[in-house]
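[1] A predicted structure for the sequence below; I have some questions about it.
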Amino acid sequence: MTLTSKTATELQALLQKGEVTAKEITEATLQTIEQREEKIHAFIHVAKEEATKRAEQLDQEASNTRGSLFGVPIGIKDNIVTKDMTTTCASKMLEDFVPVYNATAIDKLEAAGAINMGKLNMDEFAMGSTTETSYFGNTLNPWNTDYVPGGSSGGSAAAVAAGEVPLSLGSDTGGSVRQPAAFCGIVGMKPTYGRISRFGLTAFASSLDQIGTLSRTVEDNALLLSVIAGEDDNDSSSSAKAVPDFTAALTGDINGLKVAVPTPYLGEGVDAEIATAVREAITVLESLGAVCEEVELPHIQYAPTTYYVISSSEAQSNLSRFDGLRYGYHTENAENLEQAYFRTRQEGFGDEVKKRIIFGTYAMSADHHEDLYVRAQKTRTLIAQDFDTVFEKYDVVIGPTTATTAFKLGETGGDQLVHYANDVLAVPANLTGRPALSVPCGFVNELPVGLQIMGKHFDEETLYKVAHAYEQATDFHKRTPSIQEGK
Amino acid sequence: MTTFSNEDVKYFADFVRIGLSEEDKEKFSAQIADLIESVSNLKEVDVTDVKPMTHPVAMINVLREDEPKDILDREVMLASAEDQEDGLIKVPDIL
C-alpha cells in the first residue's frame, strides 16, 4: 500500500509513531499528483514549492505541539482565498489574482498542521454542475475519463477519488460538494449554514453558500470538519455553537434511528437503478436497527426554481465587486471608467456567469421583484416548513444524492430536465440551511452512486454516525478507480 | 412561450455593467427566456400570508464591541489594484 492511498487518519497514526515524515508524505503526494493530473486535471495550481517548504518546517516541530492534521495533504477549491497563492475561481476575471489574506478555514487548517497541496478546479465562480464552465478546462472523472466529475467542486472530488490527496475543501451553494462526491464515489459533507466561517470563501449566493469537506472515508471527513468548524469574528453568520469532536460520534450504533424517505426522492426523474441502490441502502440501515418510513414533502417540486431565482439574485449583487479596478482582470480597451467596467466584465466573465447575473438582475428588477424574488423567498419558507415538520418526527431524511450517475462530457449542456431532477435532491439542504452528506452506496455501469443523508440543524454528528455505520456495513468505499493502480 | 428579446438582454445587462456582442445577446435571450419559463411554476404556489425567508438559520442582532483592530496593510492591499497613486486607487477618466 502506497502512502498516497492511505486515509488522513492512517497517515496521522504513522506520523505520530514517527514511521514517516511530513516531507516523505509530501514528496509521495506531489509525485502522485504529477502522474495522475495528465489524466484528470483536478488542479489549477499545484503548490509544489510551498508544500515542500511547509513539510520541512513541520518536521522541525516538537511532537507534542502537533495538530490533528499534522502533515496531512489537502487540496483547496479555488474559490477559497489562500494568502500569496493564486485564487482564480476558475475565471479569467481572477486568473492572476493573489490574495493578501487567508480564509478562516485555511488559517485553521494551517494551525492544525495540514499541508496545502494546491488549488482545485471548479465551475467558474461555482456556477455549474460539471466543472465544464472552468476557464482552465474540464476536470475528468477518475472512474471513467469520458465522464464529468460533477461540480461545481469537481476538482475537489476528482483529486480525492483519484488518490491525489486524502482530503479537500469544496463549497456547496446548491449541491456543489455532495453531487461531485456522489459522481466520484467519495464522502462529501455540506455542514449546517454557519457551521464553518465563510470568511474568505468567494461569495456566490450568500444565504446558501457553505464550505464543505470531501474525503474517501466518513472518519476522515469528521476529522476535517472538527478542525475547520466554529465561530469567527470575521463572519457574523458563523455559529457560536460549540464544535464537538465529530469523530467521537462514529459509534456504529444506529439502533432505533428514525429515518424519513421522501416519496418523491425515489420517484419520477430518478434513474431506476439509482432508486434500487438507495432501496438496498435502506435495507442495510434497517438491518442495523433503523426504522425507515416514507414521508411527503408537498412543496419539494418548487425547490429548483426557488433556488434558481434566489441564487441568481444574490449572485448578481455579489459579483458586482469585480470591477477591474481594485483587483483581478482589467481590460486594456477602455477610454473612460464606464467603458472599463463594461469591457472588464464582458472580457473577464464566462457565459454561464453572465447569464446568471443578467437573469438575477431581471429577477430583482422593480417589475419582477415581487413576482420572482419575493415569491421565491416565500416559497423557500414553505419548503423549510415541510422539512421542519418531517424533522419533528425523524432524525434524518435520506434519498439519492443525484438522480443520475455522472454525465458524459459535453452531454448536459441544454438539458434543463436532467438538472431539474438532480436539483430537487440537491438544493433543499441549502434552502433550509440543513446539513447533508453523500456517502457511496453503489455503482451503475461502473460509475458511483451516492446516498444522501440530511439532518437537523447543527446535528452533523448524527449524519456522521449514520454514514459511518452504513459505510462499515458495506464495501463500496473500498473500491477505487483503476487510475489509483496507475492504469 | 416566454420571450426575452435581445433588447431585454441589453437593458438588464446595462444595469450590471456587462458589455455584450450581438452574438451574446442572441444566445442569452434564448437561454434567459428558457429560465424565465422554467421559474414560472412559482406562480402556482399559494404564498398568501407566508413570510419571506431571508436567512437559512434564524439569527438576531449579531453584535460586537466597536473596537478598532489591526487589519491589512494599505500598501499590501493596493498592490492588487491595476493602478494607484498617492495611496489611492487610480481609475480611468470619469468624464
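    Perfect, I can see it now.

[2] for burial, what's the neighbour tally of residue 65?
    Reading this off chain A. Look at residue A:65: counted by other Cβ atoms under 10 Å in any protein chain shown, it has 8 neighbours. In short, each C-beta sits where N, CA and C put it, glycine included.

[3] was after chain B, sorry
    By the measure other Cβ under 10 Å, the count of residues near residue B:65 is 4.

[4] what's the answer for the one 4 residues further on, then?
    For residue B:69, the number of neighbouring residues by other Cβ under 10 Å comes to 6.

[5] now do the one 5 residues further on
    Taking other Cβ under 10 Å as the neighbour definition, residue B:74 ends up with a count of 10.

[6] got the residues of the stretch 201-350 of chain A near chain B?
    Proximity of the stretch 201-350 of chain A to chain B, by Cβ under 8 Å from any Cβ of the partner chain, involves residues A:207-208, A:233, A:236-237, A:239, A:299, A:301-302, A:305-306, A:308-309, A:316, A:320, A:323-328, A:330, A:334-343, A:345-347, A:349.

[7] if any of those residues are buried, put those into a ChimeraX selection.
    Selecting the buried subset of these in ChimeraX, with 16 or more other Cβ atoms under 10 Å in any protein chain shown as the burial test, is done by:
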select /A:207,208,237,239,299,301,302,305,306,308,309,316,323,324,325,326,327,328,330,334,339,340,341,342,343,345,346,347,349
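
[8] give me the subset of the residues of the stretch 201-350 of chain A next to chain B lying in helices.
    A:305-306, A:308-309, A:316, A:337-343, A:345-347 (DSSP state H).

[9] name the helix or strand for the closest residue to residue A:154 other than its chain neighbours, please.
    Taking Cβ to Cβ, 6 or more residues apart in numbering or on different chains as the measure, residue A:154 lies nearest to residue A:131, with 2.9 Å between them; neighbours along the chain are not counted. Taking DSSP states H and E as the definition, one finds residue A:131 inside no helix or strand.

[10] hang on, residue A:131 packs against residue A:159?
    No. Applying Cβ atoms under 8 Å as the test, residue A:131 and residue A:159 come out as separate, 11.5 Å apart.

[11] run a quick neighbour tally on the nearest residue to residue A:295 once chain neighbours are set aside.
    When the adjacent residues along the chain are set aside, residue A:295 lies closest to residue A:260, with 4.4 Å between them (Cβ to Cβ, 6+ apart). For residue A:260, the neighbour count with other Cβ under 10 Å is 23.

[12] would you agree residue A:260 is in contact with residue A:392?
    No. Using Cβ under 8 Å, residue A:260 is not in contact with residue A:392; the gap is 10.5 Å.

[13] what's the distance between the one residue sitting closest to the centre of chain B and residue A:323?
    The residue at the geometric middle of chain B, judged as the C-alpha nearest the mean C-alpha position with Cα atoms, centre = their mean, is residue B:16 (7.0 Å). Taking Cβ to Cβ, to the nearest Å as the criterion, residue B:16 is separated from residue A:323 by 11 Å.

[14] and residue A:90, how far is that from residue A:156?
    Distance, residue A:90 to residue A:156, by Cβ to Cβ: 12 Å.

[15] now do the shared contacts for the two.
    Residues touching both residue A:90 and residue A:156 comprise residue A:122, with contact defined as Cβ atoms under 8 Å, 6 or more residues apart in numbering or on different chains.

[16] so who does the residue nearest to the centre of chain B touch?
    For residue B:16, the contacting residues are A:316, A:320, A:345, A:357-358, A:361, by Cβ under 8 Å, 6+ apart.

[17] mind checking pLDDT for residue 49?
    All of this is about chain A. Here, the pLDDT recorded for residue A:49 equals 98.

[18] oops, wrong one, chain B.
    97.

[19] over to residue A:80?
    Confidence for residue A:80, expressed as pLDDT, is 98.

[20] how near is the nearest residue to it once chain neighbours are set aside to residue A:231?
    Counting by Cβ to Cβ, 6+ apart, residue A:80 lies nearest to residue A:103, which is 4.8 Å off, once chain neighbours are set aside. In this structure, residue A:103 lies at 15 Å from residue A:231, with Cβ to Cβ as the measure.

[21] go on, residue A:296?
    With distances defined as Cβ to Cβ, the gap from residue A:296 to residue A:231 amounts to 36 Å.

[22] good, we can wrap up now.
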